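[1] Dropping a prediction and its sequence here:
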Amino acid sequence: MGTPYHLDYHDDSSFRMFFHDNLKDANSRGVFSRRKPDNRLRDECLEDVTELIGILESAGVTVRRPQALNNVPTVSTPHWSAPMGHALMSRDNFLVVGDEIIETPPLVRARYFESDLYRELFTEYFNQGARWTSVPKSRLLEHNFDYSYLIENGYDGPVPADPFFEIMFDGAQVMRLGADLVFNASTENHRMGARWLARHLGPDYTVHEVNVADNHIDGKILPLRPGTLLVREGVDLEDLPKGLQKWEVIWYEWFDKPVESEQDGIPFLASQSIGINVLSLDEERVLVQDIQHPLMRSLERAGFTPVPCRWRHGRSLGGGFHCMTLDIRRRSTRTSYM
Ligand SMILES: NC(=[NH2+])NCCC[C@H](N)C(=O)O
């Protein structure tokens, strides 16, 4: 888990596209300003990350962290420059399948070099025998982006006249279920990513394409253990692969109190239901945001043990415990659970 560095980076089109659904709400609330957050958000975030690491380590997890992100104001390529964001969400930039680390091609310019923070850690894994692959990154030029999802969801701004789509997807768009990978794709950029992944992994794995979210699937559906899914209201189970429709479903119990106060001028980058973004420690214990009492009751009724942990700024930072972690397990992943 990296160190957050929160800049005012609303000017970049790739950022506004990626967070379209969240920013649309913010716009409607008129919350935008150019104010930088005070240190309270950063300090409280770091306190909560420390608590999370303590819980993981006491549960027997070996926690490794990337290099810290220290005050990087912008990132640049020959084609553009963009303000850097934070680097807290490890799940977004990588997909670990069996003994292979796959670096996924970012959709947001601010995150183009975020995987550099993991170079030393992943080199260590490579030297221990891990396979390590990087998906061809898009150049992230304006005409590389497929605007179709935005247009279907209220965008009425300019659209490049000469599109040239390139592969773009985050690791968090993919739900790994052993030999089955459920890939959320809402644009041609994503669908190209699903084709790349299927071609790359070959016949031992099946990539199931679904379209249930704008991009990251772990804000809508999360596997808690083989055979049990946590699902947010609004997801049509018929849109899931047939094998997954046989799984037990726990519907996310909405937490209708404000999960955090909006930092004035800082729009929320995750919806009110980000409490769904839990992390299974094993097939019984589930790490849950400490205020999500209805969800914890649901989990207990289904035979799980919720492990509460403070996480005060998930909406501002755009993710929860599943987003902030990247589980690398030393066990075969060619089992089929569907
Ligand atoms: N891996 C992640 N960062 N996932 C976060 C998904 C948040 C989701 N878009 C929401 O607004 O609730």
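    The structure has been received and is ready for your questions.
[2] Give me every residue in this protein that's in contact range of the ligand.
    For the chain, the contact set with the ligand under CB under 6 Å from any ligand atom comprises 22, 89, 91-92, 172, 216, 218-219, 270-271, 273-274, 277, 318-319, 323. Bear in mind the C-beta positions are built from the backbone N, C-alpha and C, glycine included.
[3] rerun at 8 Å
    By the rule CB under 8 Å from any ligand atom, the part of the chain lying against the ligand is 19, 21-22, 89, 91-92, 170, 172, 213-216, 218-220, 268-274, 276-277, 318-320, 322-323.
[4] Could you pick out which of the residues you listed are located in helices?
    Secondary structure from DSSP state H places 21, 22 of the residues of the chain next to the ligand in helices.
[5] which of the residues of the chain next to the ligand are buried?
    Among the residues of the chain next to the ligand, the ones that count as buried by 16 or more other CB atoms under 10 Å are 19, 21-22, 89, 91-92, 170, 172, 213-216, 218-220, 268-271, 273-274, 276-277, 318-320, 322-323.
[6] And for the residue nearest to residue 238 when sequence neighbours are not counted, the neighbour number?
    Leaving aside its sequence neighbours, residue 238 sits nearest to residue 245 (CB to CB, 6 or more residues apart in numbering; 7.3 Å). By other CB atoms under 10 Å, 13 other residues sit near residue 245.
[7] do the same with the one 4 residues further on
    Counted with other CB under 10 Å, the neighbours of residue 249 add up to 16.
[8] secondary structure class for it?
    Classification of residue 249 by DSSP: H, G, I helix; E, B strand; the rest coil places it in strand.
[9] got a list of what the residue in the stretch 101-250 of the chain that the ligand sits nearest to touches?
    The minimum distance from the stretch 101-250 of the chain to the ligand, using CB to the nearest ligand atom, falls at residue 219 (2.8 Å). Counting by CB atoms under 8 Å, 6 or more residues apart in numbering, residue 219 makes contact with 213, 232, 270, 271, 273, 274, 276, 277.
[10] how much space between it and residue 269?
    Distance from residue 219 to residue 269, counting by CB to CB, to the nearest Å: 11 Å.
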